[in-house]
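K.L.:
here are the coordinates; sequence isn't available:
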């Protein structure tokens with residue numbers, strides 16, 4: 001089994017913990033201290049939110065400012081379009097921003113959210129049939145029924 005741990009930096013650990021829990025994520029207290037918080041999305045996906053100082057101990061590279069530089073965009077799936085809308089709306093209500101308009105590709109719906117530090121998260125819903133047969137086949141089938 002593979003687990004994913006995404007390390008992201010924050011300038012305010014308490015603010016970051018409050019933000020991510022407002023989105024429905026949990027916190028694993030066994031891996032949370034004054035330097036880091038383990039944000040639990042599910043049994044396989046975690047964000048390690050690290051203070052900038054602590055994050056810097058893991059690399060010799062200069063840290064990018066997520067407010068001005070994009071280094072990665074993390075995408076997390078949701079079970080429905082409504083769930084995508086709900087989590088982004090919760091994020092905006094709790095200090096995040098939505099930097100772009102919602103995107104509806106017919107087979108996939110997505111919205112972007114930036115946390116208070118500027119880290120980007122994309123929440124997506126893909127029609128299960130499109131995931132199984134591919135977007136082109138799905139869209140062609142949808143057009144054939146119109």
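P.N.:
Okay, I see it. All figures in this text were calculated on a predicted structure; none of them were measured in a lab.
K.L.:
any idea which helix is longest in this protein?
P.N.:
The longest helix of the chain (DSSP state H) is helix 81-93.
K.L.:
ok, residues contacting that helix?
P.N.:
By CB atoms under 8 Å, 6 or more residues apart in numbering, the surrounding residues in contact with helix 81-93 are 19, 22-24, 78, 98, 102, 109-113, 115, 121, 123-125. (C-beta placed from N, C-alpha, C; glycine too.)
K.L.:
ok, now which ones touch the residue nearest the centre of the chain?
P.N.:
In the chain, the residue lying closest to the centroid (CA atoms, centre = their mean) is residue 121, at 3.2 Å. Applying CB under 8 Å, 6+ apart, we find residue 121 in contact with 73, 74, 75, 76, 91, 112, 113, 114, 115.
K.L.:
Using PyMOL, define a selection of the buried residues within the contacts of helix 81-93.
P.N.:
Buried residues within the contacts of helix 81-93, by 16 or more other CB atoms under 10 Å, are selected in PyMOL with:
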select buried, resi 19+23+78+109+110+111+112+113+115+121+123+124+125
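K.L.:
Doesn't the residue nearest to the centre of the chain belong to a strand?
P.N.:
Yes: under DSSP: H, G, I helix; E, B strand; the rest coil, residue 121 falls within a strand.
K.L.:
Perfect, that will be all.
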